[in-house]
Every structure is written in structure tokens, then in C-alpha cells.
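Asker: Model the following, please.
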Amino acid sequence: MSRAQAESVIKNIIREIGQECGAKGQAVSETLVAFMVKAVVLDPRNQFNVDRTLTKSDVQKLIKLCVDRLLDPKSLSLDTIKMQVYFDMNYTSRGEFLDEHRRVLESRLAPVSREITDSRARTREELESLYRKTVSFLVLRSGLGSPTDITTVRETTAALQSVFPQSELSTFLSLNKRDKERQLNELTMIVTGIRLFNKDCGKGGDCIDDLPAILNEAVPATCKHIESELQDSQQLAYSYTALIEKLDSKDNLGRDHEIHLHLLKKALYNVRQHEAFLQMIVSDVITCAQQVEKLQKELGARMEQLKSTVKAKTAVPTAQVFPHFIALSNYWSGFQDEMVLLSILSNIVTHLRPFQGNLSELLPQRDIEPLLEGEEVRSDEERMKGTAGERINPSEYKKQDWLFPETTVNFDRLPLQYRGICGYTLVEKDGLLLSGNPSIGILKHKEKYYIFSSKVAACAFAANPDEYIALIAEKAKQCAELIQLLELHHQFASASHYSEAKAGDMLMVKPITKSDSSTQTDTHIVEPNIVKSYEWNEWELRRKAIKLANLRTKVTRSMQTNLSHMRRDNISQVYLPKEAGSQTKKHGASSVPKPQIYLAGLRGHMSKTPHIVQTNLTRAVDES
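Answerer: Alright, predicted model coming up:
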């Protein structure tokens, strides 16, 4: 089966699974369905062979297994996978969050900006309307108040008139579109800086929110709230770990205990994943707090510098104050970014909470507490203290590298495998998650770093690391949520990161391990800087120096003689004669008055003498 055919089959399977779940009242995303298909295929217990094409019966079996797992309302494993899918589809780095926010803001303001830059105002009324639109755009872009608030509009208009009076609109309209957009952005920053400076001086700015004060309250409150949830998840993880160790130490477990143990491990994966996500968010919130503190210091220093520049002067050169106004605007934009980022992180924390809804129902606290009577529930820190005296002797392992805090630079920043979980315990305790202790020693194997919960675990793992790595991968195939929790994406060609997964990815075809590739290297990575006048020969330099010294006392003259006159080559270009025609003959006509002469008396009269009267009725030429 070709790759295109395989992708088409997978898309049809995913579509059919989604339709069946929708028909049963459960809406699922394509990303979740795609990962569930991968998880079912990877699980060796389902007996799917990735090296051959799926038959029709295999497809029906795959669809049924996926639908059953997706519609299980009491599955902690499904809750964990849903949590992972949601987090990876909604969480990204700090820079990408802010870039996306700015992109959305630009897209929303694009119609207003386009209306200003495309304007062809000519009359006085049109120019006044364009100026009002510019004021509204500045208010919306700066985020300082509402364009429907009269006070905000007046303050913005006054600030704009001080740097861009309405009489300069004609110059603005003569610019091209790119220059207009650039000038609008500059005006936004300058006007924002003026309004912030006026607010600090007590001259208006009542409609501007005090973002530094708001952030000083919101950041600690958000951090406290997230740390409280983090502590709750950690406490549950410690309790589940202690209970699993207690049940696992007993011999001849009954079926009920086996089911309880399996459920506890699924719950442990859920809370450990929730804990890992919350730790990432807490780190971002701490970064927010540091950034807010830095912005406050810089804003205060810049404001004092601006005040000392302006003082009581009635007029200050723009070259001195405009850079300060722009800097104030940038600092304020930084505060606005921190507000947006804090809101996004709080929203993510809120949406993570429902994915632990089944914990309290399947494992209520009233059932856990009696089982923990007489048992010591130890935290990760307490476990590390218990193994503080244990340490690997690197001289016993000649062919392996062991890293220790005192001999390794940036020891705390090493990219630990399995998110700092002990791989030996995971295999030997059938999926138990225990955090490792770095003071025991970190094993470097094939450019990867492994940490352990005890010296015994470290020695056993170091004796055959490849076998344990393979067993951990097999365990992750049976528990799909471990792939994300332990960051095992690189070990599964078909299980990519959720945010990078596509519905048509290859799931049942053996992954391609070879490919043709090529690279191209630039001839000059750094732009060359060749000085054409450079000379390395000392005698050549002397010759040039003598020549320049002689030229200083000489005068250049030129003349033209009769013999040299008209000796240069000239080239000219003329247009070929074009065909032309003219018409000289003209048809014309004139109208001459028709003579009209009447005679009276031709028939005779009673008298013997005839009397004839002639009447000329012909009209004159000028009357015709």
C-alpha cells in the first residue's frame, strides 16, 4: 500500500470513529481520535501488525476498540489523554502566545487602518471625518480607554493635535500606503506616551487603567492559586505512590486488589501529568512577575528622565522628547502583554481541572485514608533526603559516564529522560512513577541522561540500559498516556506530539528509516569586505605616495584643437517617419432664394386699355 493510500484509509477510519462517537452523543476532536487510533495500534495486546496492510476485519476491530475507549466515562487513562491533548493544543511558548495575540489585534484593527490609508479625502468635511477616524484608531491601538468615551477622545485628540495637526493631513494623504501605516504606528506610540506622561503629572488620564498596580495584585494571586492546585496534585501523587507501594509489597493479591492497584496507577499518571503541566505554568507566571518588576523600574526611570527634560518649558524639541514618549509606549505595551499572558495561563489552569473529575468519584478520599493508616506518605523531597547518602562510584564503571553536581557545569539544566522519573522503578514496579535523585549520579548513555531513585536502581539500570529502555517503551505502548508523560515521542515514529499530529499521518505502515537528503553551504557565510585599494607591496605603496606628492604641485589643464574637434563617436536615435494622411477636398452646398414674381391683369379687364401689375415676392439673400 502506498503512502497516499494509507493516509486515505486512516482519514476514513478517523472520520468513521468521530461519526460513531457523535451519533452516541460524544463529540471528539480529530486530534484525540488520531492519537487514540495510534494508541490502540501500538498496544501489543490488540495484536495489530504494523508491517502489513490492515484487512477489513482489522479496520472494524480498530474502530470498535477506539470507540469503546473514547466513550468510556470512567476511564482515568482517557481523562489523562484528553488533558494532554488540550494542553498541547492550547499551550505554547511565551513568545508565540504574544505573537498570536498581536496578530489577532492587527487583524481586528486592519479594517480601520485600511479605511484611513485608502482615504481620498478632499473636502473639509471629509478631512475632519478622516481625522476623527485617526483618533479612534489611536485609542483602539493603544488600548488606553474606549473610543466611545468622550474624555478619552478629547485627551487623545489634544495629544494628537500637539504632534500632528489637522492641517498636515494633506501631506499624510500624499504618502504611499506603507509610509502611511508606518506613520500611524509612530503616532500611536507618541500619543500613548504623551497620555501616559500627562497621567503621571496629574493632567487627565482617569480612564487609563493602572496596569502596574493591577499586575502587582494579579500576579501573586494567580501564582498562589496555581501553587495551591499544584500542592493538591502533589499530595494526591504522594498518597497514591505510598498506597501502590503498600499493595505491591503484599503477596497473593486478590482480584479486587489487582483492579484497585491498576486504578491507582492510572490515577497516579493523571495527577503526575497535571502536576507537570502546572509546574510549567507556574514557571511562566514567575517569569511574568520578573518581567513586570523589570518594566516598572524601567518605566519609572524613563518617566523621571522625561520630567527632567521637559521641566517647566513651554516648548521642547521633538528630537528630545519623542524617543521618551515612544519608550513609555513600549513599556506600557509590555504591561498589556503580561496581562494577556496571565489571563491565558489562568484560563488554561481552569480548563485543566475538569480532567481530574473522575478521581474523586473512582477514588474518594474516604476510601484512601483508611488504607493509608500506619503508612508513611513521603514527598519527593523526603525521598531524596532518604537517599542523600547514596552515591555511585564512577571508578566502577569504566565504560560509562556519570555526572555529578560538583563536576558538571549547568548540572540542574541537563535534559533528563522520562521527565526525571526513575526508569528502573518504572520497569521493576510495573509502572510506578518515582522521581530520581540527582545527587546519586546521572548516567549519560548514548547522549541521553538518566536519573534514578536509589543507588541499587542506578547500578541495575547501568548494567543493561538498552534492555530497560526497550522495556519502558513496551510499557508505554500498553499505557498510551505515558508517551506524553515520559516524553517518549522520539521512540515512536507514529506517535508524534499532539500539536504536530495530523489526521492522515501514517499509523499502520512501517516508518521510513532512510531518505535522500542534500545540503548546501554558502560560499561566504559572512558578507565579504574586500578593500580594492589594499596593497601589501611596500614599494607599490611608496610609488603611489610619490605619485600623490607630485600631483599636489601640478595643475591639470585640457584644450581642444581643430584636429581633435569632432573626433569622438556620436550615436543618435531618431523616430522613423510615420504614415500620415490628410484630406483637402470638402463637399459644400449653398441655398439661393427662389425667385417669385407674380403678374396681375393678364386675363384682361373691362376697359380697352390693359393694365398689368408685376409683383416681385423674391426674398433677399440675407433673409434666406
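
Asker: Start from the N-terminal end of this structure and give the strands.
Answerer: Assigned by DSSP state E, the chain shows strands spanning 401-403, 442-445, 448-450, 597-600, 613-616.

Asker: Arrange those strands in JSON lines, one row each, with mean pLDDT, distance to residue 49 and mean neighbour count as further columns.
Answerer: Quick note: C-beta positions are derived from backbone N, CA and C, even for glycine. Formatted as JSON lines, these follow (pLDDT from 0 to 100; distance: least, C-beta to C-beta, whole Å; neighbours: other C-beta atoms under 10 Å):
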{"stretch": "strand 401-403", "mean pLDDT": "89", "distance to residue 49": "38", "mean neighbour count": "16"}
{"stretch": "strand 442-445", "mean pLDDT": "90", "distance to residue 49": "30", "mean neighbour count": "19"}
{"stretch": "strand 448-450", "mean pLDDT": "92", "distance to residue 49": "29", "mean neighbour count": "19"}
{"stretch": "strand 597-600", "mean pLDDT": "78", "distance to residue 49": "127", "mean neighbour count": "9"}
{"stretch": "strand 613-616", "mean pLDDT": "79", "distance to residue 49": "128", "mean neighbour count": "9"}
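
Asker: okay if I get those as a markdown table plus distance to residue 157?
Answerer: Formatted as a markdown table, those follow (distance: least, C-beta to C-beta, whole Å):
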| stretch | distance to residue 157 |
| --- | --- |
| strand 401-403 | 64 |
| strand 442-445 | 64 |
| strand 448-450 | 61 |
| strand 597-600 | 90 |
| strand 613-616 | 88 |
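
Asker: For residue 107, which of those strands is the nearest?
Answerer: In terms of C-beta to C-beta, the element of the strands of the chain nearest to residue 107 is strand 448-450, at 42.5 Å.

Asker: Outside of the closest one itself, list whatever touches it.
Answerer: Outside of strand 448-450, the residues within contact range by C-beta atoms under 8 Å, 6 or more residues apart in numbering are 403, 414-418, 423, 436, 442-443, 461, 465.

Asker: Now for these, which sits with the most neighbours around it?
Answerer: residue 436 (29 neighbours; other C-beta atoms under 10 Å).

Asker: what pLDDT does that residue get?
Answerer: You'll see residue 436 listed with a pLDDT of 91.

Asker: if you count residues, which helix in the protein comes out on top?
Answerer: Looking across the chain with DSSP state H, the single longest helix is helix 255-310.

Asker: Show me what it is packed up against.
Answerer: Applying 3 or more C-beta pairs under 8 Å, 6 or more residues apart in numbering; DSSP states H and E, one finds that helix 255-310 makes contact with helix 76-90, helix 177-200, helix 211-248, helix 318-352, helix 357-362, helix 481-485.

Asker: Next up, the contacts around residue 352.
Answerer: Contacts for residue 352 were tallied using C-beta under 8 Å, 6+ apart; they are 83, 86-87, 274, 277-278.

Asker: Considering the residues you listed, which possesses the most neighbours?
Answerer: When neighbours are counted by other C-beta under 10 Å, residue 274 leads the contacts of residue 352 with 27 neighbours.
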